[in-house]
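In: I would like to see how this sequence folds:
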Amino acid sequence: MADAARLFLLVAVAAALAGRSAVSCPGVAIGFVLDGGWCVCRTDMGDVALQKTLDYACGAGADCKPILQNGACYNPDNVKAHCSYAVNSFYQRNNQNAQACIFSGTSVVVSSDPSGNGCTYPATPSAAATSTGVDSPPATGPSSANDSSGAGALPVAGVAARLVILASCSLMAVYLAA
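Out: Coordinates of the predicted model:
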């Protein structure tokens with residue numbers, strides 16, 4: 001039993017470090033999704049913070065043509081909808097790298113398709129067309145140095161989730177070894 005626990009611990013650590021899509025501990029009722037289908041802007045954030053995120057994503061290589069006037073995703077014409085389309089484009093063009101969906105905490109990765117109203121959000125890197133050429137997407141997106149919206153106060157989700165996975169799996173391995 002101890003050998004199986006050690007093997008599982010090594011696999012869990014390797015998966016967490018490699019940034020696998022999902023990691024879970026067998027026999028334990030926990031599981032974490034580290035990255036997934038779509039990146040969208042948080043609905044509880046203010047328009048000022050989301051506009052900064054939208055501007056950053058469009059300036060950093062997201063395909064923002066569909067959210068321009070007369071584009072397929074122009075409606076609904078509001079910052080939250082346009083922001084979500086832009087950050088998802090950036091996320092997809094960066095191969096669904098979890099770091100490409102942080103944007104100072106103004107966005108989150110979801111597993112349900114946000115497409116609607118005739119607007120189709122790319123769900124894969126290939127559907128998002130060409131890459132932005134960003135090998136290491138920014139860890140925080142737009143700067144939050146002078147932002148009082150609270151967007152910069154949120155933790156980096158990808159690292160925190162991996163640490164929780166590692167800790168949970170380590171505790172499970174210790175328990176199984178005992």
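In: Phi first, then psi, for the residue lying closest to Leu68 once chain neighbours are set aside.
Out: With Cβ to Cβ, 6 or more residues apart in numbering as the measure, Tyr74 is the residue that lies nearest to Leu68, at 6.5 Å, once sequence neighbours are left out. From N, CA and C alone the C-beta is placed, and that goes for glycine too. Note on Tyr74: its backbone torsions stand at phi -70, psi -40 [degrees, to the nearest 10].
In: distance of Tyr74 from Val110?
Out: In this structure, Tyr74 and Val110 are separated by 22 Å, where distance is defined by Cβ to Cβ, to the nearest Å.
In: ditto for Asn88
Out: Asn88 sits at a distance of 9 Å from Val110 (criterion: Cβ to Cβ).
In: list the residues that contact both of those two?
Out: In the contact map built from Cβ atoms under 8 Å, 6 or more residues apart in numbering, the residues linked to both Asn88 and Val110 are 38-40.
In: contacting residues for the nearest residue to Phe90 once chain neighbours are set aside?
Out: Leaving out its chain neighbours, the residue that sits closest to Phe90 by Cβ to Cβ, 6+ apart is Ala62, at 4.0 Å. Shown here is Ala62, whose contacts under the criterion Cβ under 8 Å, 6+ apart are 86-87, 89-90, 93, 132.
In: Show me those that map onto helices.
Out: When the contacts of Ala62 are checked against helices (DSSP state H), the matches are 86-87, 89-90, 93.
In: Relative to Ala167, which of these is nearest.
Out: Minimum distance to Ala167 across those is 28.9 Å, recorded for Val87 (Cβ to Cβ).
In: tell me the contacts of the nearest residue to Ile67 once chain neighbours are set aside?
Out: Ranked by Cβ to Cβ, 6+ apart and with sequence neighbours excluded, the top spatial neighbour of Ile67 is His82, at 4.5 Å. Applying Cβ under 8 Å, 6+ apart to His82 gives the contacts 54, 64, 67, 73.
In: rewinding a little: now tabulate the contacts of Ala62 in a markdown table and tack on pLDDT, distance to Ser126 and neighbour count.
Out: Written out in a markdown table, the entries for the contacts of Ala62 read as follows (pLDDT from 0 to 100; distance: Cβ to Cβ, whole Å; neighbours: other Cβ atoms under 10 Å):
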| residue | pLDDT | distance to Ser126 | neighbour count |
| --- | --- | --- | --- |
| Ala86 | 97 | 19 | 29 |
| Val87 | 97 | 18 | 30 |
| Ser89 | 96 | 13 | 27 |
| Phe90 | 96 | 15 | 31 |
| Arg93 | 94 | 10 | 25 |
| Thr132 | 46 | 14 | 18 |
